[in-house]
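Q: this one's sequence-less:
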């Protein structure tokens, strides 16, 4: 969902092949994920095979992307190589609880 959100912000239109290229994964892997997300009500696909996040999908994707940006920025500021920071942030964003993330965000604001 995050990849769809990012690509949609960049280009305005997203297909499964675009997501596969962006994430450097196979198109069948993306097609499986798309089917799962569509069944869960997070996205739709139109007759031209363009992907569209539903309101719920966009909300979840925005939350994930916020975490990604937060952790990427913090890791880079701590001296981590940007490429490594991106990869690590991607892992962290999916496992951290909402409570821990909110507390880290609040702590970062008071430090600023």
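A: Noted; the coordinates are in hand. Note that the structure is predicted; figures quoted are calculated from it, not measured. Numbering: from 1, shown residues only.
Q: per the record, what domains does the protein have?
A: Using automatic domain parsing, the domain ranges for the chain come out as 2-53, 60-111.
Q: in the chain, spot the helix with the most residues.
A: helix 55-77 (DSSP state H).
Q: after that helix comes which helix or strand?
A: helix 82-95 (DSSP states H and E).
Q: list the contacts of that following helix.
A: Contact partners of helix 82-95, identified using CB atoms under 8 Å, 6 or more residues apart in numbering, comprise 2, 64, 67-72, 75-76, 80. Yep, even glycine has a C-beta here, placed from its N, CA and C like the rest.
Q: returning to that earlier point: and the domains of the chain, which is most packed in?
A: Across the domains of the chain, averaging neighbours per residue (mean count of other CB atoms under 10 Å) puts domain 2-53 on top, at a mean of 15.
Q: that older thread, any chance of the domains of the chain in CSV, plus mean pLDDT?
A: What follows is the domains of the chain, written out as CSV (pLDDT from 0 to 100):
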stretch, mean pLDDT
domain 2-53, 94
domain 60-111, 94
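Q: and residue 19, how close does it get to residue 36?
A: To residue 36, residue 19 is 13 Å away according to CB to CB, to the nearest Å.
Q: got the phi and psi for the nearest residue to residue 50 once chain neighbours are set aside?
A: The shortest distance from residue 50 to any non-neighbouring residue, by CB to CB, 6 or more residues apart in numbering, is to residue 13 (5.3 Å). Main-chain dihedrals, residue 13, degrees, to the nearest 10: phi -140, psi 140.
Q: surely residue 13 is in contact with residue 49?
A: No. Residue 13 is beyond contact range of residue 49, at 10.1 Å (criterion: CB atoms under 8 Å).
Q: any idea which residue sits dead centre in the chain?
A: Central residue of the chain (CA atoms, centre = their mean): residue 2, 2.3 Å from the mean position.
Q: with that, I have no additional questions.
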